[in-house]
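>>> coords please:
(one chain, ligands or ions: 1)
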Amino acid sequence: MQAPHKEHLYKLLVIGDLGVGKTSIIKRYVHQNFSSHYRATIGVDFALKVLHWDPETVVRLQLWDIAGQERFGNMTRVYYREAMGAFIVFDVTRPATFEAVAKWKNDLDSKLTLPNGKPVSVVLLANKCDQGKDVLMNNGLKMDQFCKEHGFVGWFETSAKKYVTYVYLCHVAVLHPSTRQHPSTRHLHQNSSFINYIVSTTCQHSMIAAVKRDTPSVCHFCSQEVYYLERRKI
Ligand SMILES: Nc1nc2c(ncn2[C@@H]2O[C@H](COP(=O)(O)OP(=O)(O)OP(=O)(O)O)[C@@H](O)[C@H]2O)c(=O)[nH]1
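The predicted structure is shown next:
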């Protein structure tokens with residue numbers, strides 16, 4: 001007999017200032033490609049990533065790529081509606097885009113909450129790490145502190161140009177304990193194999209790996225030092 005088939009659809013937002021790499025991150029994640037040609041997003045764009053989570057479950061991630069120029073406009077309220085989680089992206093080569101992160105987070109929190117009134121889980125992405133400007137990245141503790149103060153579930157170094165690890169980032173956004181009360185993830189949280197899955201991806205450190213480094217880095221979830229951040233194929 002065929003196993004019961006369950007499908008889940010989750011809406012995830014990708015927001016941040018102009019040109020930080022939102023579209024590129026999504027393209028890398030969904031289509032496994034990268035272009036250095038810049039074309040500003042107008043309004044909003046969409047992409048769908050289908051994850052075969054286990055033999056019985058399919059998770060569809062609907063990624064909403066919101067134009068940086070929409071910053072704090074009235075339309076963001078419409079775009080944010082019913083999202084399960086979000087990524088806020090900044091460009092490590094442009095400090096002003098990091099300064100805008102708190103504003104994006106406030107905008108999001110003021111316009112979107114889960115049905116239980118709690119804020120949605122938000123992951124901070126420090127993009128363009130391939131550019132070698134790691135002023136912020138050398139300052140992991142400050143980043144951890146920043147995330148705590150502003151209510152991010154974690155932060156990750158990413159490069160849409162060179163590395164592919166976003167699958168895990170999306171898993172975190174959807175399945176972070178802060179989403180546990182959300183009716184649509186209850187099934188996932190109740191199913192222990194999912195929880196094991198999160199734990200294993202979290203504590204093998206694979207999902208935080210965006211850039212392979214020689215110097216130790218710290219897993220933002222289990223706090224262990226990681227010397228080699230593994231790159232995983234999707
Ligand atoms: N080196 C490098 N360049 C990147 C990376 N990600 C994006 N870029 C480049 O940065 C530029 C802007 O990227 P987009 O993905 O269009 O940025 P966006 O945030 O979607 O921009 P808006 O749609 O205007 O809000 C493009 O030229 C990309 O090729 C990265 O990780 N590394």
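>>> so where do the helices sit in the chain?
Secondary structure of the chain (DSSP state H): helices at 22-31, 75-80, 95-99, 101-111, 140-150, 166-175, 186-190, 192-203.
>>> comparing those helices by mean pLDDT, which bottoms out?
The weakest mean pLDDT among these belongs to helix 192-203, with a mean of 33.
>>> what bridges to Gly154?
Val123 (DSSP bridges).
>>> please tell me how far it sits from Val122.
In this view, Gly154 and Val122 are 9 Å apart by Cβ to Cβ, to the nearest Å. The way it works is simple: take the backbone N, C-alpha and C, and place the C-beta from them, glycine included.
>>> just Tyr10 next, same as before
Going from Tyr10 to Val122 by Cβ to Cβ gives 14 Å.
>>> who is Asp91 paired with across the strands?
On the basis of DSSP bridges, Asp91 is bridged to Asn127.
>>> and it, how far from Lys161?
Separation of Asp91 from Lys161 (Cβ to Cβ): 12 Å.
>>> comparing the two, which residue is more hemmed in?
Just comparing Asp91 and Lys161: by other Cβ atoms under 10 Å the higher neighbour count belongs to Asp91, 22 against 16.
>>> write out the residues of the chain neighbouring the ligand.
Residues of the chain that fall close to the ligand, judged by Cβ under 6 Å from any ligand atom: 18-24, 35-36, 38, 40-41, 67-68, 127-128, 130-131, 159-161.
>>> how does it look with 8 Å?
Contact residues, the chain versus the ligand (Cβ under 8 Å from any ligand atom): 16-27, 34-41, 45, 65-69, 89, 91, 127-131, 158-162.
>>> Ser159 contacts Asn127, doesn't it?
Yes - with contact defined as Cβ atoms under 8 Å, Ser159 reaches Asn127; the gap is 6.8 Å.
>>> who has more neighbours out of those two?
Taking neighbours as other Cβ under 10 Å, Ser159 and Asn127 compare with Asn127 leading, 26 against 22.
>>> pull the contacting residues for the more buried one.
Asn127 sits next to Val20, Gly21, Ser24, Ile25, Val89, Phe90, Asp91, Val92, Thr158, Ser159, Ala160 when contact means Cβ atoms under 8 Å, 6 or more residues apart in numbering.
>>> quick check: closest non-adjacent residue to the second one.
In space, not counting the residues next to it along the chain, Gly21 is nearest to Asn127; the distance is 4.2 Å by Cβ to Cβ, 6 or more residues apart in numbering.
>>> of the contacts of Asn127 - the most surrounded one?
Busiest of those [other Cβ under 10 Å] is Thr158, holding 30 neighbours.
>>> quick one, phi psi at that one?
Per-residue torsions, Thr158: phi -140, psi 160 (degrees, to the nearest 10).
>>> can you give me the distance of it to Lys22?
11 Å.
>>> residue ranges with poor pLDDT in the protein?
1-4, 52-55, 72-73, 132-141, 163-234 (pLDDT under 70).
>>> comparing Tyr10 and Val122, which residue is more hemmed in?
Neighbours were counted for Tyr10 and for Val122 using other Cβ under 10 Å; Val122 has more, 27 against 24.
>>> quickly note the distance from that one to Glu7.
Distance check for Val122 against Glu7: by Cβ to Cβ, it reads 25 Å.
>>> do the same with Lys27
Note on Lys27: its distance to Glu7, by Cβ to Cβ, is 24 Å.
>>> more neighbours, those two?
Ranked by neighbour count (other Cβ under 10 Å), Lys27 and Glu7 place Lys27 first, with 18 against 10.
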